[in-house]
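**Q** Show me how the following folds:
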Amino acid sequence: MRRYSILFIDDEEVIRESFLKLVDWEKHGFDVSGVFKNGELAWEYLSEHPVDIIVTDINMPFLNGIGLLENIRRECPKTRVLLLTGYEYFEYAQKAVQLKAFDFLLKPVTTEKLLNAVESAAFDIEKEEAKDEAVGRSLELSQSHFINRLLYGKVEREKIQPEAVKLGIPTDAGSYLVILGAVDSLKGRKISDEEAVELKQELQKRIQEERLWMEEELKASFQMYFARNIGIQLQMVLVSWDRTTFSEVFLDTWTKRLLELEQGKVRYQLTLAVGKVRRRLEELPDSFKRVSDTLQNRHILGVGKVIHVRETFEERREAEKIVLPTETFLYHIRMGMTEEVKKDIREIYNTFRHKEYLSLESARIVTTELAITAFKGEIAVKGESVSSLFYLNLIQSLNTLDEMEHEITEFAVRIAESRKQRGNYKRNTAEKALEYLRSHYHQESLSLNDVAKVLNISVPYLAVLFKQETNQNFGAHLLRIRMEKAKELLRTTGDTVSEISEKVGYSSAQYFAVCFKKYTGMTPGAYREQK
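**A** Residues are numbered from 1 along each chain as shown. You can find the predicted model right below:
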């Protein structure tokens, strides 16, 4: 229970003094805000300093208890009022009930009755606040769920406005802005699911605190909604009734302060992607897609920084008129098909040359996208990998279409040739890894680290190689090998399920049975009976 403020009012000095002497209010969790001799003086104080609980006499000069209660109900509806009176004024009880007085105590009141009544009032306040908080959380969750559906385009366009109005989200504001944040762990740490939830909650709380600071310091009034989503990504929608709120000064200040939330921490770093200011809720799904695509490329564009999606409408329209064959382009790079890579690039830039008008910025946008696609096909070889940031900065320095075509062709062909030269090595490595699994599947603690150590390669590289060359990850291969061996033993031996589970690498027969049923659709016993 939190501490509650309390105020006493009575025209008799002896009774006023007794209020303070009867109970050790501080010990019981109450802070005495004041003691007044009539309702008029008390109301002057209350008009500037609302309190939680008031204990007041009814029969007082200038403004009696009933008149004071009427003022309180009009201006301070959440305040609990306890009325004190003698038997001769009991006719006021009906009026007091109508004005929702919390309690009606007869003089002389004992210490026990007074304390019980005040504590009951405090408990009633606590219940109401808990209810209001629960309602607020429910509304916040509903708003968060709606924002998530809106951003991902799962709300029909004609239903966006009605749903938003129902949830109290402004539909006629002057500015809407999408900002996404991603948290990456450092030093190869993996963020556990439990840790991710705690980190996300902590960040959202601190970001809300930063919003209050921005409103106070920059006099910038705006609302902020977090989308409800799985994972560590933060998805924010900022809303302001003023079209000028989200200025460059605002965004620079805001994003700088958000980045500082994680600065100095050894384990994490925050990357932010900021969209363009929009005028309508219906524009947010498109903005979200652009910002999300930008954030997905943060490991190329740079982590631990702010990335702005700064394209203008005209530049977007020009770039959108050209559909880039990025999937085909990436496939040709990964397969080491250098001639096809050259052809892909040549056709793209020939399309550019036949356009009546093409801005330099649009050409850079498309060249950058091709470079990002090429980076996805690069094999990370120590000492050979090109700095992604360096290369993307190089693109921004080019001023002609010929320069861009020449640079991106050389770069993509170099990566394709590297893939071609190392293709056999990757397939052989994958085969060696699988052979090791077939020979050591019975080891309960067998892990990807063990295989990587034997092959003298890094764990991340082996994980990627496994997936690329076999279309399955390490865990799926190990499960398949163990389950197929278990099926063989069930068919050809009289070993118990417990014995078989140990032979295929499981110390727990119960867990083995769960895995077996998930893999085959039946229990080990049922499988053996059908042989």
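
**Q** the domain parsing of the chain - what is it?
**A** Residue ranges for the domains of the chain, per automatic domain parsing: 4-130, 152-307, 311-431, 441-529.

**Q** Among those, single out whichever gets nearest to Ser138.
**A** Across these, Ser138 has its closest neighbour in domain 152-307 (10.7 Å, Cβ to Cβ). For every residue, glycine as well, the C-beta is placed using N, CA and C.

**Q** State the mean pLDDT of that closest one.
**A** Averaging pLDDT along domain 152-307 yields 82.

**Q** let's have the chain start at 648 instead
**A** With 648 as the first residue, the last one maps to domain 799-954.

**Q** what's the first-to-last distance across it?
**A** 21 Å (Cα to Cα, to the nearest Å).

**Q** roughly how far is it from the heart of the chain?
**A** With Cα atoms, centre = their mean, to the nearest Å as the basis, domain 799-954 stands 9 Å off its chain's centre.

**Q** Same check on stretch 749-756?
**A** Per Cα atoms, centre = their mean, the centroid offset for stretch 749-756 relative to its chain is 51 Å.

**Q** quick one: average pLDDT of that stretch?
**A** The average pLDDT within stretch 749-756 is 81.

**Q** same check, this time on stretch 979-993
**A** Mean predicted lDDT for stretch 979-993 stands at 85.

**Q** And the closest residue to Leu715 other than its chain neighbours, how far from Ala748?
**A** Closest residue in space to Leu715, ignoring its immediate chain neighbours: Gly686 at 3.8 Å, by Cβ to Cβ, 6 or more residues apart in numbering. Taking Cβ to Cβ, to the nearest Å as the measure, Gly686 falls 14 Å from Ala748.

**Q** and those two? which has more neighbours close in?
**A** Taking other Cβ atoms under 10 Å, Gly686 and Ala748 do not tie; Gly686 has more neighbours (26 against 23).

**Q** so who does that one touch?
**A** 656, 703, 707, 709-712, 714-715 (Cβ atoms under 8 Å, 6 or more residues apart in numbering).

**Q** Selecting buried members of those in PyMOL, what would you type?
**A** Here is the PyMOL selection string for the buried members of the contacts of Gly686, based on 16 or more other Cβ atoms under 10 Å:
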select buried, resi 656+703+707+710+711+712+715
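
**Q** For the contacts of Gly686, work out which two are farthest apart.
**A** Thr703 and Phe709 (12.9 Å).

**Q** For the stretch 648-797 of the chain, which segments count as strands?
**A** For the stretch 648-797 of the chain, applying DSSP state E, counting those that start in this stretch gives strands covering 651-656, 677-683, 700-704, 727-732, 750-753.

**Q** One more: the stretch 848-997 of the chain?
**A** Assigned by DSSP E, counting those that start in this stretch, the strands in the stretch 848-997 of the chain fall at 870-873, 881-887, 915-921, 953-955.

**Q** in its sheet, what does the shortest one sit against?
**A** Okay, so that is strand 953-955. Note on strand 953-955: by DSSP bridges, its sheet partners are strand 915-921 (parallel).

**Q** now the angle from the partner strand to strand 881-887?
**A** 40 degrees (axes from the mean of the first three to the mean of the last three Cα atoms, to 10 degrees).

**Q** re the thing from before, would you tell me which of the strands of the stretch 648-797 of the chain gets closest to Lys989?
**A** Among these, strand 651-656 comes nearest to Lys989, with 77.4 Å by Cβ to Cβ.

**Q** what's the average pLDDT for the closest one?
**A** 92.

**Q** Export only the CA atoms of it, formatted as CSV.
**A** What follows is strand 651-656, C-alpha atoms only, in CSV (Å, rounded to 0.1, in the frame of the first residue of the first chain):
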residue,chain,number,x,y,z
TYR,A,651,-1.8,8.5,1.7
SER,A,652,-2.3,12.1,2.5
ILE,A,653,-4.9,13.1,5.1
LEU,A,654,-6.5,16.4,6.2
PHE,A,655,-8.5,17.1,9.4
ILE,A,656,-11.1,19.8,9.9
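
**Q** for it, packing partners?
**A** On a contact count with 3 or more Cβ pairs under 8 Å, 6 or more residues apart in numbering; DSSP states H and E, strand 651-656 meets helix 660-669, strand 677-683, helix 686-693, strand 700-704, helix 758-798.

**Q** for these, which one ends up most surrounded?
**A** strand 700-704 (a mean of 25; mean count of other Cβ atoms under 10 Å).

**Q** Distance check, Ile807 against Ala1160.
**A** 49 Å.

**Q** And the two? Which one has more around it.
**A** Ile807 (20 against 17).

**Q** thinking again about what came up before, can you put the domains of the chain in CSV and add distance to Leu786?
**A** Converted to CSV, those look like this (distance: least, Cβ to Cβ, whole Å):
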stretch, distance to Leu786
domain 651-777, 15
domain 799-954, 7
domain 958-1078, 35
domain 1088-1176, 40
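
**Q** Quick check: which of these is nearest to Ser789?
**A** Ranking the domains of the chain by proximity to Ser789 (Cβ to Cβ) places domain 799-954 first, at 5.6 Å.

**Q** Which strand residues bridge the spatially most central residue of the chain?
**A** For the chain, Leu881 is the residue whose C-alpha lies nearest the centre (Cα atoms, centre = their mean; 3.4 Å). For Leu881, the beta-bridge partners are Gly828 (DSSP bridges).

**Q** That one against Glu849, yeah?
**A** No - using Cβ atoms under 8 Å, Leu881 is not in contact with Glu849, being 11.2 Å away.

**Q** can you give me the helices for the stretch 898-1047 of the chain?
**A** Under the criterion DSSP state H, counting those that start in this stretch, the stretch 898-1047 of the chain carries helices at the ranges 931-943, 945-948, 960-967, 973-981, 985-1000, 1007-1023, 1035-1044.

**Q** Tabulate those helices (CSV), appending distance to Tyr1108.
**A** Listed next are the helices of the stretch 898-1047 of the chain as CSV, based on distance: least, Cβ to Cβ, whole Å:
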stretch, distance to Tyr1108
helix 931-943, 21
helix 945-948, 16
helix 960-967, 34
helix 973-981, 15
helix 985-1000, 23
helix 1007-1023, 15
helix 1035-1044, 17
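
**Q** could you dump the ones you listed to JSON lines with mean neighbour count?
**A** What follows is those, written out as JSON lines (neighbours: other Cβ atoms under 10 Å):
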{"stretch": "helix 931-943", "mean neighbour count": "18"}
{"stretch": "helix 945-948", "mean neighbour count": "16"}
{"stretch": "helix 960-967", "mean neighbour count": "14"}
{"stretch": "helix 973-981", "mean neighbour count": "18"}
{"stretch": "helix 985-1000", "mean neighbour count": "16"}
{"stretch": "helix 1007-1023", "mean neighbour count": "20"}
{"stretch": "helix 1035-1044", "mean neighbour count": "14"}
